[in-house]
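J.: Can you look at this prediction? I've put the sequence above it.
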Amino acid sequence: MSEVAVLKQRTPEWRQLRCGDVTASRFKDIMTSPRTKAAKEAGEWSETAKRYMEEKLAELTTCVPNRGFTSTPTDWGIEHEQKAFPLAKERLEKEYGTSVFLPEGEFAYFHHPGEPMI
């Protein structure tokens with residue numbers, strides 16, 4: 001069973017917990033295709049994917065989380081997050097037909113027991 005940690009987002013503890021993890025908001029970076037046909041056919045990673053994985057490897061090696069970033073979409077998401085929690089909970093409960101633990105106003109992180117805690 002997974003451990004559940006409830007932390008306030010963007011705190012040092014939250015950043016440390018996510019250190020080295022691929023996040024949903026950046027998963028697209030891993031899925032980008034290389035620019036050339038030869039690189040695609042060779043099964044190579046895109047430069048974007050390589051940079052992101054190097055960032056994650058650096059975090060795992062040093063145990064120092066990346067400073068993060070800010071952008072207009074991120075700021076908008078933070079501003080509207082409180083409205084999104086009840087909607088997300090309702091949708092998850094409807095889809096999975098069960099009560100879902102989704103703490104309002106905080107971030108829920110599910111850590112797989114097979115992964116090391118840094």
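T.: Noted; the coordinates are in hand.

J.: all strands of the protein, in order?
T.: 3-7, 107-111 (DSSP state E).

J.: mean pLDDT for these: which is lowest?
T.: For the strands of the chain, the bottom mean pLDDT is recorded on strand 107-111, which sits at a mean of 52.

J.: What count of nearby residues applies to Glu59?
T.: When neighbours are defined as other CB atoms under 10 Å, Glu59 has 19 of them. (C-beta placed from N, C-alpha, C; glycine too.)

J.: next one: the lengthiest helix in the chain to chain centre, how far?
T.: The helix spanning the most residues in the chain, taking DSSP state H as the definition, is helix 72-96. Relative to the chain's own centre, helix 72-96 is displaced by 15 Å; criterion: CA atoms, centre = their mean, to the nearest Å.

J.: Where does pLDDT dip in this protein?
T.: The chain contains residues with pLDDT under 70 at 1-6, 99-118.

J.: Let's see that with 90 instead.
T.: 1-27, 66-118 (pLDDT under 90).

J.: re the thing from before, buried by neighbour count: which residues of the longest helix of the chain qualify?
T.: The neighbour-count criterion (16 or more other CB atoms under 10 Å) identifies Lys89 as the buried residues of helix 72-96.

J.: where's the residue of the chain positioned farthest from its centre relative to Thr74, distance?
T.: The C-alpha centroid of the chain is most remote from Ala38, which lies 30.4 Å away (CA atoms, centre = their mean). Plainly put, Ala38 is 35 Å away from Thr74 if you go by CB to CB, to the nearest Å.

J.: One more: Glu41?
T.: As judged by CB to CB, Glu41 and Thr74 stand 35 Å apart.

J.: And Glu81, by the same measure?
T.: Here the criterion is CB to CB. By it, Glu81 lies 11 Å from Thr74.

J.: measure the residue most central in space within the chain to Gln16 for me?
T.: Taking CA atoms, centre = their mean as the criterion, Thr23 is the residue nearest the geometric centre of the chain, at 1.9 Å. Using CB to CB, we find Thr23 at a distance of 14 Å from Gln16.
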